[in-house]
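**Q** requesting a structural model of the entry that follows:
(one chain, ligands or ions: 2)
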Amino acid sequence: MASATPATDFTDGEAAAMDVALAAALQGPRGANPLVGATILSPEGTSLFTGHHRGAGTPHAEADAIAQAQEAGADLSGCTMLVTLEPCNHVGRTGPCTEAIIDAGITSVVYAVDDPHDPAAGGARTLRAAGVQVRSGLAAEKALELNRRWFAAVAALRPFVTLHIAQTLDSRIAAEDGTSQWISSPESLADNHAIRRRIDAILVGTETVMVDNPRLSAREPDGTPSSAQPVRAVMGLRGIPANAAIRGDDGLAHHLPTREPKEALAALYEAGTRHVMVEGGSRILSAFLTAGLVDELIVYLAPTLLGSGTSALNGLGIGTLADAQRWEWDAADGGSVRSLGADLRLHLQPQHPLSSDPRNAAEPAQKGS
Ligand code: AOF
Ligand code: ZN
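**A** Ligands and ions are numbered 1, 2, ... in the order given. From the prediction side, this is the model:
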């Protein structure tokens, strides 16, 4: 791990450019990869190009910024790159960024935090060995906060977990007779399928397989199967019926014989999954939330009321308001609230344990007033 450089080693222009890179990073989606932004500064200190990462399998932020410069025919020799994460050193789905930076003639790199992901780490060393000046630690706290749950998932050697709920205004995911297709608008369904195309695995409980018999494949807007398909995992102690639609014929369906979220995640990680979307039903959703194993929450809220039927959640072990789970709005990936047809798409992440909740700071309400 490279040691952080003292904050005084950065210019105001570099600090401002790092803020631009941090803001750009937020445009990307959360998942297997962290949110990363990169800005290229001219030798005179002018911000020239800003790139960001758009999710696993797409170019890294540094490569995105350099590609823009190349398209514009710009000469980057003598430029400084500001990047929110240590440039990667590996050939994964793309990369390595160190090579792209060296080849572009960039002579100085300032990054916020080290990459904790083993295969990709060590970029600073490679850059220095090639004669690039490297400094780190600028805006480190902001950069750690930006990917707080991703860092936690990497450290825990488990997949990043997105939880998906498609519900009515009164938090129902099915009517009394079990019907649930479709609570969400076509636009929400299309958004969900776009997410299915970029995750490694989709996870449901055996109950969902029995009741809804979903295919859980990723489909294009016209209904045809997408070229990239996630693993379809079913957790629970009951087996998957021989004729269940989820089995498909591509060998991507797996049964995880456990009710424990932690065990299911360990099995998925072992099989190579780095981003899983948990889709239901209420028992599985509640188990993941109770275990604190949800990194990102996406709720499709339909302007519909049922008044009865299946609730999205069936208990989180919370008896009093002081113990309520607190969530915060997540501005990443298109914003915290978006309109999708008739629905609202709500995007949240668990509140930071140390962040202050304004409700706690308020004076208790006067009784009888
Ligand atoms: C960077 N810039 O924009 C990102 C980095 O296999 P890949 O290509 O998807 O690489 C993923 C790993 O690369 C990820 O786990 C993390 O360590 C690093 N992400 N690195 O230099 C970027 N997204
Ligand atoms: Zn990279």
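**Q** near ligand 2, which residues of this structure are found?
**A** Within the chain, the positions adjacent to ligand 2 are H60, C88, G95, C97 by C-beta under 5 Å from the ion. (Each C-beta comes from the backbone N, C-alpha and C, glycine too.)
**Q** for S171, which non-adjacent residue is closest in space?
**A** A312 (4.9 Å; C-beta to C-beta, 6 or more residues apart in numbering).
**Q** need the residues of the chain next to ligand 2 in JSON lines (columns: pLDDT).
**A** Listed next are the residues of the chain next to ligand 2 as JSON lines, based on pLDDT from 0 to 100:
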{"residue": "H60", "pLDDT": "96"}
{"residue": "C88", "pLDDT": "94"}
{"residue": "G95", "pLDDT": "70"}
{"residue": "C97", "pLDDT": "95"}
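**Q** any chance of those in a markdown table, with distance to ligand 1, neighbour count and secondary structure too?
**A** Shown next, in a markdown table, are the residues of the chain next to ligand 2 (distance: C-beta to the nearest ligand atom, whole Å; neighbours: other C-beta atoms under 10 Å; DSSP: H, G, I helix; E, B strand; the rest coil):
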| residue | distance to ligand 1 | neighbour count | secondary structure |
| --- | --- | --- | --- |
| H60 | 3 | 27 | coil |
| C88 | 4 | 27 | coil |
| G95 | 5 | 20 | coil |
| C97 | 4 | 31 | helix |
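**Q** quick one: average pLDDT of stretch 162-182?
**A** Averaging pLDDT along stretch 162-182 yields 95.
**Q** mind checking the end-to-end distance for it?
**A** Stretch 162-182 stretches 21 Å from its first residue to its last (C-alpha to C-alpha, to the nearest Å).
**Q** off-centre distance for it?
**A** Centroid separation for stretch 162-182 versus its chain: 23 Å, with C-alpha atoms, centre = their mean, to the nearest Å.
**Q** from G55, how far out is the residue nearest to S171?
**A** Shown here: A312 relative to G55, a distance of 26 Å by C-beta to C-beta, to the nearest Å.
**Q** tell me where the chain has helices.
**A** Per DSSP state H, the chain carries helices over the ranges 12-25, 61-71, 97-103, 123-129, 140-146, 148-155, 186-198, 206-212, 261-270, 282-290, 358-361.
**Q** any chance of those in CSV, with distance to Y111 too?
**A** CSV is the format used below for the helices of the chain (distance: least, C-beta to C-beta, whole Å):
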stretch, distance to Y111
helix 12-25, 9
helix 61-71, 10
helix 97-103, 10
helix 123-129, 7
helix 140-146, 8
helix 148-155, 15
helix 186-198, 25
helix 206-212, 42
helix 261-270, 27
helix 282-290, 33
helix 358-361, 33
